[in-house]
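Enquirer: next one to model:
(one chain, ligands or ions: 1)
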Amino acid sequence: TTRSMALAEQAKRVAAEFEFDKDHVQKAVKEFLREMDEGLQKEGTELSQIPTYVTAVPNGTEKGLYMAVDLGGTNFRVCSIQLHGNTTFSLTQSKVAIPRELMVAQTSKELFSFLAKQIENFLKQHHEEHYSSTIKRRETGGQVKEEEIFNLGFTFSFPVQQIGINKGLLMRWTKGFDIADAIGKDVCALLQAEIDELHLPVRVAALVNDTVGTLMARSYTSPGKTGTLLGAIFGTGTNGAYVEKLDKVTKLTQSKDGGIYDKSTGEMIVNTEWGSFDNSLRTLPNTPYDIELDEKSVNPGIQMFEKRVSGMFLGEILRLALVGLLKDPKVPLFRDENSADNDVHSTTQIHQDSPLYKQWGIDTSFLSICAGDTSAGWRMLRQTLDKDYGISAVSAEDAEAVREIAAAVGRRAARLSAVAIAAIVITSGRLDTASSTSGEVSEDDVIDIGVDGSLVEFYPGFEDHVRQALREVEEIGEQGEKRVRIGIAKDGSGVGAALIALVAGSVL
Ligand code: ADP
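Expert: Residues are numbered from 1 along each chain as shown. Now for the predicted structure:
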(Lines give C-alpha, C1' and ligand atoms only; values in the text may rest on other atoms or scores of the structure.)
Protein backbone atom coordinates (compact mmCIF):
# COMPACT_ATOMS: atom_id res chain seq x y z
CA THR A 1 0.00 0.00 0.00
CA THR A 2 1.06 3.61 -0.31
CA ARG A 3 1.01 3.89 3.46
CA SER A 4 3.51 1.11 4.01
CA MET A 5 5.73 2.42 1.22
CA ALA A 6 5.75 5.91 2.68
CA LEU A 7 6.52 4.54 6.12
CA ALA A 8 9.33 2.30 4.91
CA GLU A 9 10.84 5.23 3.09
CA GLN A 10 10.78 7.44 6.20
CA ALA A 11 12.30 4.70 8.34
CA LYS A 12 15.05 4.26 5.78
CA ARG A 13 15.74 7.98 5.77
CA VAL A 14 16.10 8.12 9.57
CA ALA A 15 18.17 4.92 9.69
CA ALA A 16 20.50 6.42 7.09
CA GLU A 17 21.22 9.32 9.42
CA PHE A 18 22.95 6.80 11.70
CA GLU A 19 25.23 5.48 9.01
CA PHE A 20 28.87 5.44 10.06
CA ASP A 21 30.65 4.06 7.05
CA LYS A 22 34.12 2.74 6.39
CA ASP A 23 35.59 6.20 5.76
CA HIS A 24 34.14 7.55 8.99
CA VAL A 25 35.53 4.60 10.92
CA GLN A 26 39.01 5.08 9.47
CA LYS A 27 39.04 8.81 10.20
CA ALA A 28 37.86 8.24 13.76
CA VAL A 29 40.55 5.59 14.33
CA LYS A 30 43.21 8.10 13.23
CA GLU A 31 41.81 10.67 15.62
CA PHE A 32 41.69 8.10 18.45
CA LEU A 33 45.36 7.26 17.87
CA ARG A 34 46.24 10.95 17.94
CA GLU A 35 44.34 11.56 21.17
CA MET A 36 45.87 8.47 22.81
CA ASP A 37 49.32 9.77 22.06
CA GLU A 38 48.55 13.26 23.27
CA GLY A 39 47.01 11.93 26.48
CA LEU A 40 50.15 9.96 27.32
CA GLN A 41 52.22 13.13 27.18
CA LYS A 42 50.22 15.75 29.01
CA GLU A 43 47.28 16.50 31.28
CA GLY A 44 43.96 18.04 30.29
CA THR A 45 43.50 16.16 27.01
CA GLU A 46 40.34 14.58 25.62
CA LEU A 47 41.51 11.05 26.40
CA SER A 48 42.77 11.28 29.99
CA GLN A 49 45.10 8.23 29.62
CA ILE A 50 45.45 7.81 33.39
CA PRO A 51 48.45 5.77 34.56
CA THR A 52 47.16 3.09 36.95
CA TYR A 53 50.49 2.02 38.52
CA VAL A 54 49.60 -1.57 37.61
CA THR A 55 52.57 -2.84 35.62
CA ALA A 56 51.71 -6.43 34.74
CA VAL A 57 48.75 -8.57 33.75
CA PRO A 58 48.27 -12.08 35.16
CA ASN A 59 48.75 -15.27 33.13
CA GLY A 60 46.47 -17.60 35.05
CA THR A 61 49.12 -19.23 37.29
CA GLU A 62 48.66 -16.77 40.17
CA LYS A 63 47.69 -18.35 43.48
CA GLY A 64 46.52 -17.30 46.91
CA LEU A 65 43.72 -15.88 48.96
CA TYR A 66 42.85 -12.22 48.47
CA MET A 67 40.09 -9.81 49.38
CA ALA A 68 38.21 -7.23 47.38
CA VAL A 69 35.68 -4.56 48.26
CA ASP A 70 33.58 -2.48 45.92
CA LEU A 71 32.00 0.86 46.78
CA GLY A 72 30.07 1.73 43.66
CA GLY A 73 26.90 3.52 44.60
CA THR A 74 24.02 1.87 46.33
CA ASN A 75 25.84 -1.19 47.66
CA PHE A 76 29.06 -2.16 49.36
CA ARG A 77 30.36 -5.56 48.31
CA VAL A 78 32.95 -7.56 50.24
CA CYS A 79 34.54 -10.70 48.79
CA SER A 80 37.37 -13.12 49.28
CA ILE A 81 38.84 -14.79 46.25
CA GLN A 82 40.86 -17.97 46.19
CA LEU A 83 43.00 -18.07 43.06
CA HIS A 84 43.72 -21.69 42.21
CA GLY A 85 46.58 -20.95 39.83
CA ASN A 86 45.06 -22.81 36.90
CA THR A 87 42.96 -19.92 35.49
CA THR A 88 40.12 -20.75 37.88
CA PHE A 89 39.08 -19.19 41.18
CA SER A 90 36.41 -19.43 43.86
CA LEU A 91 34.68 -16.37 45.20
CA THR A 92 32.74 -15.79 48.41
CA GLN A 93 30.86 -12.55 48.76
CA SER A 94 28.43 -10.49 50.77
CA LYS A 95 26.62 -7.31 49.88
CA VAL A 96 25.03 -4.61 52.03
CA ALA A 97 23.12 -1.49 51.09
CA ILE A 98 24.82 1.73 52.17
CA PRO A 99 22.52 3.52 54.64
CA ARG A 100 21.36 6.80 53.10
CA GLU A 101 22.49 8.85 56.09
CA LEU A 102 26.07 7.62 55.68
CA MET A 103 26.20 8.90 52.11
CA VAL A 104 25.79 12.41 53.45
CA ALA A 105 27.46 11.91 56.85
CA GLN A 106 29.09 14.78 58.74
CA THR A 107 32.48 13.07 58.67
CA SER A 108 34.11 10.52 56.36
CA LYS A 109 34.95 8.46 59.48
CA GLU A 110 31.28 7.53 59.83
CA LEU A 111 31.19 6.04 56.32
CA PHE A 112 34.60 4.36 56.40
CA SER A 113 34.15 2.85 59.86
CA PHE A 114 30.90 1.34 58.58
CA LEU A 115 32.83 -0.16 55.63
CA ALA A 116 35.52 -1.58 57.93
CA LYS A 117 32.81 -3.06 60.12
CA GLN A 118 31.40 -4.88 57.07
CA ILE A 119 34.86 -6.30 56.36
CA GLU A 120 35.03 -7.50 59.97
CA ASN A 121 31.59 -9.13 59.72
CA PHE A 122 32.66 -10.84 56.52
CA LEU A 123 35.84 -12.21 58.09
CA LYS A 124 33.91 -13.46 61.14
CA GLN A 125 31.40 -15.19 58.93
CA HIS A 126 33.61 -16.67 56.21
CA HIS A 127 37.15 -16.80 57.65
CA GLU A 128 36.36 -17.35 61.31
CA GLU A 129 39.47 -19.32 62.23
CA HIS A 130 41.83 -16.90 60.60
CA TYR A 131 40.00 -13.97 62.12
CA SER A 132 39.93 -15.19 65.70
CA SER A 133 43.52 -16.45 65.77
CA THR A 134 44.98 -13.18 64.47
CA ILE A 135 42.71 -11.02 66.61
CA LYS A 136 43.59 -12.98 69.73
CA ARG A 137 47.29 -12.57 69.07
CA ARG A 138 46.92 -8.85 68.47
CA GLU A 139 44.97 -8.43 71.68
CA THR A 140 47.64 -10.21 73.68
CA GLY A 141 50.29 -7.92 72.23
CA GLY A 142 51.55 -10.39 69.61
CA GLN A 143 52.38 -9.71 65.97
CA VAL A 144 50.49 -10.80 62.90
CA LYS A 145 52.81 -12.36 60.34
CA GLU A 146 53.10 -10.91 56.85
CA GLU A 147 51.66 -14.05 55.27
CA GLU A 148 48.60 -13.83 57.50
CA ILE A 149 47.61 -10.44 56.17
CA PHE A 150 44.99 -10.33 53.45
CA ASN A 151 45.88 -7.99 50.60
CA LEU A 152 42.72 -6.21 49.53
CA GLY A 153 41.78 -4.51 46.25
CA PHE A 154 39.49 -1.50 46.71
CA THR A 155 37.22 -0.73 43.77
CA PHE A 156 36.08 2.83 44.31
CA SER A 157 33.90 4.15 41.52
CA PHE A 158 34.16 7.89 42.11
CA PRO A 159 36.58 10.34 40.49
CA VAL A 160 39.98 10.03 42.15
CA GLN A 161 43.39 11.36 41.28
CA GLN A 162 45.52 8.24 41.57
CA ILE A 163 49.07 8.88 42.79
CA GLY A 164 50.17 5.37 43.61
CA ILE A 165 48.95 1.79 43.38
CA ASN A 166 47.14 2.16 46.72
CA LYS A 167 46.88 5.91 46.94
CA GLY A 168 44.23 8.13 45.40
CA LEU A 169 42.80 11.49 46.32
CA LEU A 170 39.04 11.93 46.09
CA MET A 171 38.26 14.73 43.63
CA ARG A 172 34.50 14.91 44.14
CA TRP A 173 31.59 12.74 45.16
CA THR A 174 28.92 11.65 42.64
CA LYS A 175 25.81 9.44 42.76
CA GLY A 176 24.23 11.09 45.78
CA PHE A 177 27.24 10.96 48.11
CA ASP A 178 28.28 14.18 49.83
CA ILE A 179 30.78 14.14 52.70
CA ALA A 180 32.80 17.33 52.57
CA ASP A 181 35.82 16.34 54.66
CA ALA A 182 36.72 13.42 52.37
CA ILE A 183 37.49 15.66 49.39
CA GLY A 184 41.21 15.74 48.65
CA LYS A 185 41.93 12.83 51.02
CA ASP A 186 43.48 9.46 50.15
CA VAL A 187 40.54 7.05 50.23
CA CYS A 188 42.79 4.02 50.76
CA ALA A 189 44.29 5.61 53.87
CA LEU A 190 40.80 6.47 55.16
CA LEU A 191 39.73 2.83 54.83
CA GLN A 192 43.02 1.48 56.24
CA ALA A 193 42.73 3.66 59.35
CA GLU A 194 39.34 2.16 60.21
CA ILE A 195 40.52 -1.38 59.43
CA ASP A 196 43.43 -0.84 61.83
CA GLU A 197 41.13 0.38 64.59
CA LEU A 198 39.41 -2.99 64.42
CA HIS A 199 42.81 -4.80 64.35
CA LEU A 200 41.81 -6.67 61.21
CA PRO A 201 44.54 -8.58 59.35
CA VAL A 202 43.84 -6.67 56.16
CA ARG A 203 45.96 -4.33 54.03
CA VAL A 204 44.43 -2.03 51.42
CA ALA A 205 46.93 -2.97 48.72
CA ALA A 206 45.39 -1.46 45.62
CA LEU A 207 42.96 1.17 44.46
CA VAL A 208 41.08 -0.33 41.53
CA ASN A 209 39.32 1.14 38.52
CA ASP A 210 36.63 -1.21 37.17
CA THR A 211 38.04 -1.35 33.62
CA VAL A 212 41.45 -2.36 34.96
CA GLY A 213 39.69 -5.04 37.00
CA THR A 214 38.03 -6.29 33.82
CA LEU A 215 41.39 -6.47 32.03
CA MET A 216 43.00 -8.37 34.93
CA ALA A 217 40.07 -10.77 35.36
CA ARG A 218 40.11 -11.62 31.67
CA SER A 219 43.87 -12.05 31.56
CA TYR A 220 43.77 -14.52 34.45
CA THR A 221 40.90 -16.60 33.05
CA SER A 222 41.68 -16.25 29.35
CA PRO A 223 42.65 -19.46 27.64
CA GLY A 224 45.62 -17.94 25.77
CA LYS A 225 49.28 -17.84 26.69
CA THR A 226 49.62 -14.20 25.70
CA GLY A 227 48.24 -11.75 28.24
CA THR A 228 45.09 -9.78 27.53
CA LEU A 229 45.62 -6.44 25.78
CA LEU A 230 42.44 -4.57 26.60
CA GLY A 231 39.64 -4.57 29.14
CA ALA A 232 36.53 -2.70 28.01
CA ILE A 233 33.16 -1.93 29.50
CA PHE A 234 29.98 -1.38 27.51
CA GLY A 235 27.33 -1.03 30.19
CA THR A 236 25.72 2.06 31.68
CA GLY A 237 28.86 3.86 30.55
CA THR A 238 31.80 2.87 28.42
CA ASN A 239 35.54 2.88 29.10
CA GLY A 240 38.66 0.85 28.46
CA ALA A 241 42.07 0.13 30.00
CA TYR A 242 44.97 -1.38 28.06
CA VAL A 243 48.59 -2.45 28.34
CA GLU A 244 50.93 0.34 27.20
CA LYS A 245 54.71 0.46 26.91
CA LEU A 246 55.97 2.27 29.98
CA ASP A 247 58.35 4.54 28.09
CA LYS A 248 55.42 5.95 26.11
CA VAL A 249 53.70 7.11 29.32
CA THR A 250 55.95 10.15 29.40
CA LYS A 251 53.68 12.30 31.57
CA LEU A 252 54.45 9.77 34.33
CA THR A 253 58.00 8.65 33.58
CA GLN A 254 59.31 12.18 33.05
CA SER A 255 57.54 13.67 36.04
CA LYS A 256 59.50 14.36 39.23
CA ASP A 257 56.69 13.29 41.53
CA GLY A 258 55.49 10.26 39.58
CA GLY A 259 55.15 8.04 42.63
CA ILE A 260 56.44 4.51 43.12
CA TYR A 261 55.92 1.72 40.62
CA ASP A 262 57.66 -1.37 39.36
CA LYS A 263 59.64 -0.41 36.25
CA SER A 264 60.95 -3.89 35.50
CA THR A 265 58.12 -5.07 33.24
CA GLY A 266 58.46 -2.10 30.91
CA GLU A 267 54.67 -1.85 30.76
CA MET A 268 51.87 -0.07 32.52
CA ILE A 269 48.12 -0.40 32.31
CA VAL A 270 46.59 2.87 31.20
CA ASN A 271 42.96 3.83 31.88
CA THR A 272 41.90 5.70 28.72
CA GLU A 273 38.63 7.22 30.02
CA TRP A 274 37.52 6.94 26.39
CA GLY A 275 33.99 8.08 27.17
CA SER A 276 35.28 11.56 26.41
CA PHE A 277 36.96 10.62 23.12
CA ASP A 278 36.57 13.40 20.55
CA ASN A 279 34.50 15.74 22.71
CA SER A 280 35.18 18.41 20.09
CA LEU A 281 33.43 16.28 17.45
CA ARG A 282 36.19 16.18 14.86
CA THR A 283 35.17 12.71 13.73
CA LEU A 284 32.15 11.58 15.76
CA PRO A 285 28.75 11.52 14.06
CA ASN A 286 26.31 14.21 15.18
CA THR A 287 22.68 13.74 14.19
CA PRO A 288 19.91 16.09 15.35
CA TYR A 289 19.09 13.41 17.96
CA ASP A 290 22.64 13.40 19.33
CA ILE A 291 22.52 17.18 19.53
CA GLU A 292 19.24 17.23 21.40
CA LEU A 293 20.31 14.47 23.79
CA ASP A 294 23.49 16.37 24.62
CA GLU A 295 21.77 19.73 25.07
CA LYS A 296 19.29 18.24 27.52
CA SER A 297 21.90 16.24 29.43
CA VAL A 298 23.40 17.26 32.78
CA ASN A 299 26.86 17.61 31.19
CA PRO A 300 26.59 19.12 27.69
CA GLY A 301 29.73 18.84 25.57
CA ILE A 302 31.24 16.16 27.80
CA GLN A 303 31.45 12.35 27.38
CA MET A 304 30.49 12.72 23.72
CA PHE A 305 31.71 9.23 22.73
CA GLU A 306 29.86 7.66 25.66
CA LYS A 307 26.68 9.49 24.63
CA ARG A 308 26.75 7.66 21.29
CA VAL A 309 27.84 4.27 22.56
CA SER A 310 26.66 3.28 26.03
CA GLY A 311 23.54 1.79 27.55
CA MET A 312 22.60 4.92 29.41
CA PHE A 313 22.02 6.79 26.12
CA LEU A 314 21.06 4.49 23.23
CA GLY A 315 17.43 4.15 24.29
CA GLU A 316 17.13 7.92 24.47
CA ILE A 317 18.65 8.38 20.99
CA LEU A 318 16.05 5.98 19.61
CA ARG A 319 13.28 7.76 21.49
CA LEU A 320 14.27 11.13 20.06
CA ALA A 321 14.37 9.68 16.55
CA LEU A 322 10.88 8.18 16.94
CA VAL A 323 9.44 11.35 18.46
CA GLY A 324 11.00 13.29 15.58
CA LEU A 325 9.13 11.10 13.14
CA LEU A 326 5.85 11.43 15.00
CA LYS A 327 6.07 15.21 14.95
CA ASP A 328 5.91 15.18 11.17
CA PRO A 329 2.17 15.05 10.31
CA LYS A 330 2.97 13.47 6.95
CA VAL A 331 4.64 10.45 8.55
CA PRO A 332 2.19 7.61 9.16
CA LEU A 333 4.10 5.96 12.05
CA PHE A 334 1.66 4.78 14.76
CA ARG A 335 -1.26 6.23 12.79
CA ASP A 336 -3.83 4.15 11.05
CA GLU A 337 -4.60 4.77 7.39
CA ASN A 338 -8.10 6.14 8.04
CA SER A 339 -6.86 8.45 10.71
CA ALA A 340 -4.49 10.65 8.78
CA ASP A 341 -6.46 13.70 9.86
CA ASN A 342 -8.56 12.27 12.65
CA ASP A 343 -7.16 10.22 15.50
CA VAL A 344 -10.58 8.97 16.55
CA HIS A 345 -10.46 6.15 14.00
CA SER A 346 -6.93 5.20 14.81
CA THR A 347 -6.44 1.62 15.81
CA THR A 348 -3.02 2.27 17.28
CA GLN A 349 -3.24 4.13 20.57
CA ILE A 350 -0.41 5.89 22.32
CA HIS A 351 -1.23 6.34 25.97
CA GLN A 352 -0.81 9.97 27.02
CA ASP A 353 1.58 8.91 29.78
CA SER A 354 3.61 6.75 27.41
CA PRO A 355 7.35 6.73 28.29
CA LEU A 356 7.81 7.54 24.60
CA TYR A 357 7.09 11.15 25.54
CA LYS A 358 9.44 11.29 28.53
CA GLN A 359 13.17 11.96 28.60
CA TRP A 360 15.03 8.64 29.19
CA GLY A 361 11.66 6.90 28.63
CA ILE A 362 13.08 4.12 26.44
CA ASP A 363 15.57 1.71 27.98
CA THR A 364 18.45 0.38 25.92
CA SER A 365 17.23 -3.17 26.57
CA PHE A 366 14.43 -2.29 24.11
CA LEU A 367 17.06 -2.09 21.35
CA SER A 368 18.09 -5.62 22.25
CA ILE A 369 14.48 -6.78 22.02
CA CYS A 370 14.18 -5.18 18.56
CA ALA A 371 17.42 -6.74 17.34
CA GLY A 372 16.56 -10.14 18.79
CA ASP A 373 12.97 -10.43 17.62
CA THR A 374 12.76 -12.99 14.84
CA SER A 375 9.09 -13.83 15.31
CA ALA A 376 6.59 -13.45 12.50
CA GLY A 377 5.23 -9.89 12.37
CA TRP A 378 7.62 -8.84 15.16
CA ARG A 379 5.32 -10.11 17.88
CA MET A 380 7.84 -9.63 20.72
CA LEU A 381 8.55 -6.07 19.71
CA ARG A 382 4.86 -5.19 19.46
CA GLN A 383 4.12 -6.81 22.80
CA THR A 384 6.88 -4.76 24.42
CA LEU A 385 5.56 -1.55 22.86
CA ASP A 386 2.16 -2.38 24.29
CA LYS A 387 3.22 -3.62 27.71
CA ASP A 388 6.15 -1.33 28.56
CA TYR A 389 5.55 1.73 26.42
CA GLY A 390 1.78 2.19 26.30
CA ILE A 391 1.56 1.92 22.51
CA SER A 392 -1.13 -0.58 21.67
CA ALA A 393 -2.22 -2.36 18.49
CA VAL A 394 0.91 -1.48 16.55
CA SER A 395 0.88 -2.85 13.02
CA ALA A 396 3.62 -5.11 11.71
CA GLU A 397 4.66 -2.37 9.31
CA ASP A 398 5.08 0.14 12.11
CA ALA A 399 7.02 -2.40 14.13
CA GLU A 400 9.26 -2.95 11.13
CA ALA A 401 9.98 0.78 10.95
CA VAL A 402 10.84 0.96 14.67
CA ARG A 403 13.02 -2.08 14.26
CA GLU A 404 14.97 -0.59 11.39
CA ILE A 405 15.73 2.64 13.25
CA ALA A 406 16.64 0.80 16.47
CA ALA A 407 18.98 -1.44 14.50
CA ALA A 408 20.69 1.60 13.01
CA VAL A 409 21.28 3.12 16.46
CA GLY A 410 22.71 -0.16 17.79
CA ARG A 411 24.85 -0.77 14.74
CA ARG A 412 26.37 2.71 14.94
CA ALA A 413 27.20 2.17 18.63
CA ALA A 414 28.98 -1.09 17.85
CA ARG A 415 30.93 0.48 14.96
CA LEU A 416 32.00 3.34 17.22
CA SER A 417 33.11 0.81 19.82
CA ALA A 418 35.22 -0.79 17.10
CA VAL A 419 37.01 2.54 16.63
CA ALA A 420 38.39 2.40 20.18
CA ILE A 421 39.25 -1.29 19.93
CA ALA A 422 40.96 -0.84 16.54
CA ALA A 423 43.11 2.05 17.74
CA ILE A 424 44.33 0.09 20.76
CA VAL A 425 45.01 -3.04 18.71
CA ILE A 426 47.01 -0.96 16.20
CA THR A 427 48.94 0.93 18.87
CA SER A 428 49.95 -2.30 20.64
CA GLY A 429 52.11 -3.36 17.72
CA ARG A 430 50.82 -6.91 18.21
CA LEU A 431 49.63 -7.02 14.59
CA ASP A 432 53.17 -6.57 13.33
CA THR A 433 54.34 -9.96 14.50
CA ALA A 434 52.86 -13.25 13.46
CA SER A 435 54.31 -16.66 14.17
CA SER A 436 51.97 -18.35 11.77
CA THR A 437 51.93 -17.50 8.08
CA SER A 438 49.18 -19.93 7.14
CA GLY A 439 45.59 -18.77 7.24
CA GLU A 440 45.09 -20.35 10.66
CA VAL A 441 45.49 -18.15 13.72
CA SER A 442 47.94 -19.75 16.12
CA GLU A 443 47.38 -19.34 19.86
CA ASP A 444 50.51 -17.16 20.12
CA ASP A 445 49.06 -14.67 17.66
CA VAL A 446 45.74 -14.13 19.40
CA ILE A 447 45.09 -10.56 20.51
CA ASP A 448 42.88 -11.00 23.53
CA ILE A 449 40.22 -8.52 24.66
CA GLY A 450 38.04 -8.80 27.76
CA VAL A 451 34.66 -7.09 27.78
CA ASP A 452 31.90 -6.57 30.31
CA GLY A 453 28.54 -4.81 30.46
CA SER A 454 24.96 -5.48 29.50
CA LEU A 455 25.24 -3.92 26.04
CA VAL A 456 28.00 -6.19 24.78
CA GLU A 457 26.58 -9.13 26.67
CA PHE A 458 22.94 -8.87 25.62
CA TYR A 459 22.65 -6.81 22.43
CA PRO A 460 22.30 -9.40 19.66
CA GLY A 461 25.01 -9.07 17.02
CA PHE A 462 27.05 -6.45 18.85
CA GLU A 463 30.30 -8.36 18.36
CA ASP A 464 29.49 -9.10 14.70
CA HIS A 465 29.09 -5.39 14.00
CA VAL A 466 32.33 -4.65 15.85
CA ARG A 467 34.15 -7.27 13.77
CA GLN A 468 32.74 -6.01 10.50
CA ALA A 469 34.07 -2.54 11.28
CA LEU A 470 37.45 -3.91 12.41
CA ARG A 471 37.84 -5.60 9.01
CA GLU A 472 37.17 -2.28 7.32
CA VAL A 473 40.10 -0.63 9.08
CA GLU A 474 43.04 -0.73 6.67
CA GLU A 475 45.71 -1.57 9.26
CA ILE A 476 43.64 -4.49 10.57
CA GLY A 477 41.80 -6.04 7.63
CA GLU A 478 40.47 -9.59 7.50
CA GLN A 479 43.74 -11.13 8.68
CA GLY A 480 44.01 -8.87 11.71
CA GLU A 481 40.36 -9.18 12.66
CA LYS A 482 40.69 -12.97 12.83
CA ARG A 483 43.44 -12.59 15.41
CA VAL A 484 41.25 -10.54 17.74
CA ARG A 485 39.54 -12.68 20.36
CA ILE A 486 36.78 -11.03 22.37
CA GLY A 487 35.59 -12.68 25.58
CA ILE A 488 33.30 -11.74 28.40
CA ALA A 489 35.21 -10.98 31.59
CA LYS A 490 32.86 -11.24 34.52
CA ASP A 491 33.49 -9.75 37.88
CA GLY A 492 36.30 -7.27 37.42
CA SER A 493 35.59 -5.76 40.82
CA GLY A 494 35.93 -9.18 42.48
CA VAL A 495 38.61 -11.37 40.96
CA GLY A 496 40.08 -8.47 38.96
CA ALA A 497 40.54 -6.38 42.09
CA ALA A 498 42.05 -9.39 43.89
CA LEU A 499 44.60 -9.78 41.10
CA ILE A 500 45.56 -6.13 41.34
CA ALA A 501 45.97 -6.57 45.11
CA LEU A 502 48.24 -9.51 44.28
CA VAL A 503 50.53 -7.61 41.91
CA ALA A 504 50.43 -4.61 44.24
CA GLY A 505 51.29 -6.77 47.27
CA SER A 506 54.59 -7.71 45.66
CA VAL A 507 55.60 -4.05 45.30
CA LEU A 508 54.46 -2.69 48.68
P1 ADP B 1 26.77 -1.19 34.94
O2 ADP B 1 27.48 -0.74 33.72
O3 ADP B 1 26.02 -0.08 35.61
O4 ADP B 1 27.64 -1.96 35.88
P5 ADP B 1 25.29 -3.01 33.23
O6 ADP B 1 26.48 -3.54 32.56
O7 ADP B 1 24.20 -3.98 33.57
O8 ADP B 1 25.63 -2.24 34.56
O9 ADP B 1 24.68 -1.90 32.29
C10 ADP B 1 23.45 -1.30 32.54
C11 ADP B 1 23.01 -0.60 31.28
O12 ADP B 1 22.76 -1.56 30.27
C13 ADP B 1 21.76 0.25 31.41
O14 ADP B 1 22.00 1.48 30.77
C15 ADP B 1 20.70 -0.52 30.66
O16 ADP B 1 19.87 0.35 29.94
C17 ADP B 1 21.49 -1.35 29.68
N18 ADP B 1 20.88 -2.66 29.48
C19 ADP B 1 20.27 -3.45 30.39
N20 ADP B 1 19.82 -4.58 29.82
C21 ADP B 1 20.16 -4.51 28.52
C22 ADP B 1 19.97 -5.37 27.39
N23 ADP B 1 19.32 -6.52 27.48
N24 ADP B 1 20.47 -4.97 26.21
C25 ADP B 1 21.12 -3.79 26.09
N26 ADP B 1 21.32 -2.95 27.09
C27 ADP B 1 20.85 -3.29 28.29
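
Enquirer: and Ala504, how far is that from Gln349?
Expert: For Ala504, the distance to Gln349 equals 59 Å [C-beta to C-beta, to the nearest Å]. Backbone N, C-alpha and C define where each C-beta goes, glycine included.

Enquirer: let me fix that, I meant to ask about Ala418.
Expert: Distance from Ala418 to Gln349, by C-beta to C-beta: 40 Å.

Enquirer: how about Gly73?
Expert: Per C-beta to C-beta, Gly73 is found 37 Å from Gln349.

Enquirer: picking that back up, just want to know which of Ala418 and Gln349 has more residues nearby.
Expert: Using other C-beta atoms under 10 Å as the criterion, Ala418 and Gln349 rank with Ala418 on top: 28 against 16.

Enquirer: and Glu139, what's its pLDDT?
Expert: In this model, Glu139 is scored at 77, pLDDT.

Enquirer: same deal with Asp343?
Expert: For Asp343, pLDDT reads 48.

Enquirer: excluding sequence neighbours, find me the nearest residue to the residue of the chain found nearest the ligand.
Expert: Among the residues of the chain, Gly235 lies closest to the ligand, at 2.3 Å counting by C-beta to the nearest ligand atom. Counting by C-beta to C-beta, 6 or more residues apart in numbering, Gly235 lies nearest to Gly453, which is 3.0 Å off, once chain neighbours are set aside.

Enquirer: can I assume Ala422 is in contact with Ala469?
Expert: Yes - Ala422 lies in contact with Ala469 (C-beta atoms under 8 Å); the separation is 7.5 Å.

Enquirer: what do those two both touch?
Expert: Residues touching both Ala422 and Ala469 (C-beta atoms under 8 Å, 6 or more residues apart in numbering) are Val25.

Enquirer: returning to what we had before: what's near enough to touch the residue nearest to Gly235?
Expert: Contacts for Gly453 (C-beta under 8 Å, 6+ apart) come out as Ile233, Phe234, Gly235, Thr236, Thr238, Ser310, Gly311.

Enquirer: if we can go back for a sec, can you report how many residues lie near the residue of the chain closest to the ligand?
Expert: Residues near Gly235, counting by other C-beta under 10 Å, number 18.

Enquirer: now Val57
Expert: A count of nearby residues for Val57, using other C-beta under 10 Å, gives 26.

Enquirer: who touches it in this structure?
Expert: Counting by C-beta under 8 Å, 6+ apart, Val57 touches Leu215, Met216, Ser219, Gly227, Thr228, Val243, Ile269.

Enquirer: just the ones of the residues you listed in helices?
Expert: Leu215, Met216, Ser219 (DSSP state H).

Enquirer: what about the ligand: which of the residues you listed touch it?
Expert: Residues of the ones in helices among the contacts of Val57 in contact with the ligand (C-beta under 6 Å from any ligand atom): none.

Enquirer: now distance to Glu292 and pLDDT too, for the residues you listed, in TSV please.
Expert: Output for the ones in helices among the contacts of Val57, formatted as TSV (distance: C-beta to C-beta, whole Å; pLDDT from 0 to 100):
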residue	distance to Glu292	pLDDT
Leu215	35	97
Met216	39	96
Ser219	40	96
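
Enquirer: filter those to the buried ones?
Expert: Using 16 or more other C-beta atoms under 10 Å as the burial test, the ones in helices among the contacts of Val57 include Leu215, Met216, Ser219 as buried.

Enquirer: got the contact list for the second one?
Expert: Same thing as Met216. Here Met216 is in contact with Val54, Val57, Pro58, Gly231, Gly492, Val495, Gly496, Ala497, Leu499, Ile500 (criterion: C-beta under 8 Å, 6+ apart).

Enquirer: how about the last one?
Expert: Applying C-beta under 8 Å, 6+ apart, one finds that Ser219 lies in contact with Val57, Pro58, Asn59, Gly60, Gly227, Thr228, Asp448, Gly450, Leu499.

Enquirer: repeat for the first one
Expert: Contacts for Leu215 were tallied using C-beta under 8 Å, 6+ apart; they are Val57, Thr228, Leu230, Gly231, Ala241, Tyr242, Val243, Ile269, Gly450, Ala489, Gly492, Gly496.

Enquirer: and the pLDDT at the nearest residue to the fifth one once chain neighbours are set aside?
Expert: Leaving aside its chain neighbours, Ala241 sits nearest to Thr211 (4.0 Å; criterion: C-beta to C-beta, 6+ apart). The predicted structure scores Thr211 at 93 on the pLDDT scale.

Enquirer: neighbours of Thr211, how many?
Expert: Neighbours of Thr211 (other C-beta under 10 Å): 28.

Enquirer: one more: Ile362?
Expert: 23.

Enquirer: now do it, the pLDDT please.
Expert: 97.

Enquirer: shouldn't it be in contact with Leu320?
Expert: No - with contact defined as C-beta under 8 Å, Ile362 does not count as touching Leu320 (9.3 Å).

Enquirer: can you tell me the helix or strand for Gln118?
Expert: Taking DSSP states H and E as the definition, one finds Gln118 inside helix 108-126.

Enquirer: out of the contacts of Ser219, who's nearest Lys12?
Expert: Within the contacts of Ser219, proximity to Lys12 (C-beta to C-beta) peaks at Gly450, which comes in at 36.7 Å.

Enquirer: how near is the closest one to Ser133?
Expert: Separation of Gly450 from Ser133 (C-beta to C-beta) stands at 37 Å.

Enquirer: tell me which residues in stretch 391-407 are buried?
Expert: Applying 16+ other C-beta under 10 Å to stretch 391-407 flags 391-392, 394-395, 397-407 as buried.

Enquirer: how about these, which pair is most distant?
Expert: Using C-beta to C-beta, the two most remote members of those are Ser392 and Ala407, lying 23.0 Å apart.

Enquirer: any of the contacts of Ser219 buried? List them.
Expert: Neighbour-count burial (16+ other C-beta under 10 Å) applied to the contacts of Ser219 gives Val57, Pro58, Gly60, Gly227, Thr228, Asp448, Gly450, Leu499.

Enquirer: alright, calling it a day.
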